[in-house]
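Chemist: Can you look at this prediction? I've put the sequence above it.
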Amino acid sequence: MFSILEKLKYVGHVVAAEVLQKFVSSKTARISDVASGTGLVGEQLKTLGYETIDAVDCSTEMIEIARAKNIYENLYVQWIGGGKRLSFDDDTYDVIVCAGGFFGNGLKSDSFNEFVRVVKPGGFIVITMRAMWLDLEPNYNNGKLERDMQQLEKEGFWKLMEKDIRYKGGTCESIVTFVHRVC
C-alpha cells in the first residue's frame, strides 16, 4: 500500500538529507530539523550517520509520531515565525534543515531571522521546498521569498552557497533547495 507521500511523489526529505551531507561532513554536528513533521528528514539523517538531531514542529500530533521513531535527541512543539522567538539560545545549532516547511500557508520569510539567530556562525541552513510554491504561494511568489533571502545576504547575516532545482517530473514534483552559510 502506498502512503499519501508516495502518491504525491514527495522526496523533499531525501533531497534535504543528501544536500546537508554535501555541506556537513561531521556526523556529530548539532542539527535542528525545523518543521520536522513525522520525522522523515530525521530518519534520513540517522541513516546517513548523523547523531545529534532535534525536532521542531508546531503540531503536537506530528511530534508524537516523530517521538515514537526514537531518532531525535529533543523534540519541541513550537510555532516558527510570526514574531515568535524559538526557545533556543543564540548559536545553538550547527545546522538547520527545513524540508517542506515552506508551502501554501506554511512558514514565511520572517522565520529566516530566527534560523540565523540559532545557527552558529559558519553553520548552514538547508531549505527544500516544492518549486511550485515559489509561484503559487502569495508570500513567496513574484520573487518575494528569494528577495527576502537576498536582503539578509546584503545585510551580512548569511551567504547563499547553493540554489538547485531537481526535476522529478512535472513542476509540482520539482524540488528547489537553498543552502545558506551563516555569517
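Modeler: Arrived safely, thanks for sending.
Chemist: center of the chain - which residue?
Modeler: Residue closest to the mean C-alpha point of the chain, counted by C-alpha atoms, centre = their mean, is Cys98 at 0.7 Å.
Chemist: Report pLDDT for that one.
Modeler: For Cys98, the pLDDT comes out at 97.
Chemist: For the spatially closest residue to it that is not a sequence neighbour, which residues are in contact?
Modeler: Distance criterion C-beta to C-beta, 6 or more residues apart in numbering; nearest residue to Cys98, sequence neighbours excluded, is Val34 at 4.4 Å. For glycine as for every other residue, the C-beta is placed from the backbone atoms N, C-alpha and C. Val34 makes contact with 56-57, 80, 96-98, 101, 107, 111, 115, according to C-beta atoms under 8 Å, 6 or more residues apart in numbering.
Chemist: follow-up on the earlier one: residues in contact with the residue nearest to the centre of the chain?
Modeler: Contacts of Cys98 by C-beta under 8 Å, 6+ apart are 16, 33-35, 107, 115, 125-128.
Chemist: ok, now with 10 Å
Modeler: 12, 16, 32-36, 41, 56, 80, 106-107, 111, 115, 125-129, 178 (C-beta atoms under 10 Å, 6 or more residues apart in numbering).
Chemist: Return the subset of these lying in helices.
Modeler: 12, 16, 41, 111, 115 (DSSP state H).
Chemist: who does the helix or strand hosting Ile63 touch, helix- and strand-wise?
Modeler: Using DSSP states H and E, Ile63 maps to helix 60-67. If you count contacts as 3 or more C-beta pairs under 10 Å, 6 or more residues apart in numbering; DSSP states H and E, helix 60-67 packs onto helix 40-47, strand 52-57, strand 74-77.
Chemist: any idea which strand is longest in this protein?
Modeler: strand 119-130 (DSSP state E).
Chemist: Buried ones in that one, by neighbour count?
Modeler: 119, 123-130 (16 or more other C-beta atoms under 10 Å).
Chemist: farthest-separated two in these?
Modeler: The largest separation in the buried residues of strand 119-130, counting by C-beta to C-beta, is between Gly123 and Arg130 at 25.0 Å.
Chemist: got the contact list for the residue lying closest to Asp135 once chain neighbours are set aside?
Modeler: Counting by C-beta to C-beta, 6+ apart, Asp135 lies nearest to Asn141, which is 5.4 Å off, once chain neighbours are set aside. Shown in contact with Asn141 (C-beta under 10 Å, 6+ apart): 133-135.
Chemist: Now do the helix or strand hosting Gln151: everything it contacts.
Modeler: For Gln151, the element it lies in under DSSP H and E is helix 144-154. The contact list for helix 144-154 (C-beta under 10 Å, 6+ apart) reads 102, 107-110, 112-113, 115-116, 125, 127, 129, 133-134, 137-140, 143, 157-160, 163, 176, 178, 180, 182-183.
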